[in-house]
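Engineer: build me a structure from this.
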Amino acid sequence: MRKFLPFLPSRPTVSVVRLSGVIGGRARGGLNDSGIGPAIDKAFRRGNPSAVVLEISSPGGSPVQSSLIGARIRGLADEKNIPVIAFVEDVAASGGYWLAAAADEIYADPNSVVGSIGVIAASFGASELINRHGIERRVYTAGQSKSMMDPFRPEKAEDVDRLKSLLNDIHANFINHVKERRGSKLASDVDLFTGEVWLAERATDLGLIDGIGHLRPFMKDRFGDKVKINRYGAKRGLLSRFGAQIVGDAVASIEDRALYAQFGL
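Structural biologist: Numbering: from 1, shown residues only. So this is what the prediction gives:
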């Protein structure tokens, strides 16, 4: 009835987008811009929301997808002049914190893990293993750096230096993003960019987040008891709705869980 009576005051609405999982992860639930982008667009464009809320629980992942999702959020927030508030659940680390920093305000549970502002590349070396079994590795390239960090060949110092240079450049981009978004809120007497993580209370002291808080009571306190919460999320495919999962997806899930495990989750 309310929508047919324009003289009645409308309830304030808040759009909520859940950003959960490994960013760019290959398993079901992995976050990427093409998958979550339409939901973010709807959150900003539908219903004239008073704010857009990000529910974040992510150990990180792809720096590119983190940047793309964060840029989408900031672009829409600036276009629509809508404040963005992030609520951290289990973890907002590495790329997960990149997403949180896209918000204007960040709140977390007292037990939430926050930070890990760093970049990592992990691989393995199997050159001695294949040599012991008499296996010959044959690789032909055009371009002397084309076969960088081949796990089946002995590690080369120049390859390691080249990889570290790439990681340092990505780390610099991450640091610039955090400084741009958090500005003077950041503590100036602590190195926040070593890859260390903190619980929410300490993260508040360091200026990485704005305080302790949960979504629903916070929204009611800010917008009133009658605030309406509209949720938006990525659409799931038909097979995933029925729990179908292929072997490759199971393997990817193990890899993704390893990212959570480093934070005790």
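Engineer: show me the contacts for the closest residue in space to residue 62 that isn't next to it in sequence.
Structural biologist: Once flanking residues are discounted, residue 62 sits nearest to residue 24: 2.9 Å by C-beta to C-beta, 6 or more residues apart in numbering. All C-beta spots, glycine's among them, are computed from the backbone N, C-alpha and C. Counting by C-beta atoms under 8 Å, 6 or more residues apart in numbering, residue 24 touches 30, 31, 32, 61, 62, 64, 65, 66, 95.
Engineer: next up, phi/psi of the fourth one, please.
Structural biologist: Reported as degrees, to the nearest 10, the phi and psi values for residue 61 are phi 140, psi -130.
Engineer: equivalent analysis for the second one, please.
Structural biologist: Here is the backbone geometry of residue 31 (degrees, to the nearest 10): phi -90, psi 130.
Engineer: and it, how many neighbours does it have?
Structural biologist: 25 (other C-beta atoms under 10 Å).
Engineer: surely it meets residue 22?
Structural biologist: Yes. Here residue 31 lies in contact with residue 22, judged by C-beta atoms under 8 Å, at a distance of 6.9 Å.
Engineer: common neighbours of these two, please.
Structural biologist: Common neighbours of residue 31 and residue 22 (C-beta under 8 Å, 6+ apart) are 58, 61.
Engineer: if you count neighbours, what's buried in stretch 107-119?
Structural biologist: Of all the residues in stretch 107-119, those buried under the rule 16 or more other C-beta atoms under 10 Å are 107, 108, 112, 113, 114, 115, 116, 117, 118, 119.
Engineer: now the end-to-end length of that stretch.
Structural biologist: 23 Å (C-alpha to C-alpha, to the nearest Å).
Engineer: average pLDDT across it?
Structural biologist: Averaging pLDDT along stretch 107-119 yields 96.
Engineer: make residue 1 into 31 and carry on from there
Structural biologist: Taking 31 as the first residue, the last one we looked at is stretch 137-149.
Engineer: only the buried residues of stretch 103-114, if you could.
Structural biologist: 103, 104, 106, 107, 112, 114.
Engineer: out of those, what pair is the most spread apart?
Structural biologist: Taking C-beta to C-beta as the measure, these reach their widest spread between 104 and 112, a distance of 11.1 Å.
Engineer: any low-confidence regions in the stretch 31-180 of the chain?
Structural biologist: Where the stretch 31-180 of the chain drops to pLDDT under 70, the residues are 31-39, 55-59.
Engineer: what are the ranges of the strands in it?
Structural biologist: 43-50, 81-88, 114-123, 135-138, 143-145 (DSSP state E, counting those that start in this stretch).
Engineer: turn these into a markdown table, including distance to residue 257.
Structural biologist: Shown next, in a markdown table, are the strands of the stretch 31-180 of the chain (distance: least, C-beta to C-beta, whole Å):
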| stretch | distance to residue 257 |
| --- | --- |
| strand 43-50 | 6 |
| strand 81-88 | 9 |
| strand 114-123 | 12 |
| strand 135-138 | 16 |
| strand 143-145 | 26 |
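Engineer: which one of those strands lies closest to residue 250?
Structural biologist: So among these, strand 43-50 is nearest, using C-beta to C-beta, at 10.0 Å.
Engineer: list the contacts of the closest one.
Structural biologist: For strand 43-50, the external contacting residues (C-beta under 8 Å, 6+ apart) are 59, 61, 66, 69-70, 72-74, 76-88, 99, 119, 126, 129, 245, 249, 253, 257-263.
Engineer: at 6 Å instead, please
Structural biologist: 69-70, 73, 77, 79-87, 129, 249, 257-263 (C-beta atoms under 6 Å, 6 or more residues apart in numbering).
Engineer: residue nearest the centroid of this protein?
Structural biologist: Taking C-alpha atoms, centre = their mean, the centroid of the chain lies closest to residue 126, which sits 2.9 Å from it.
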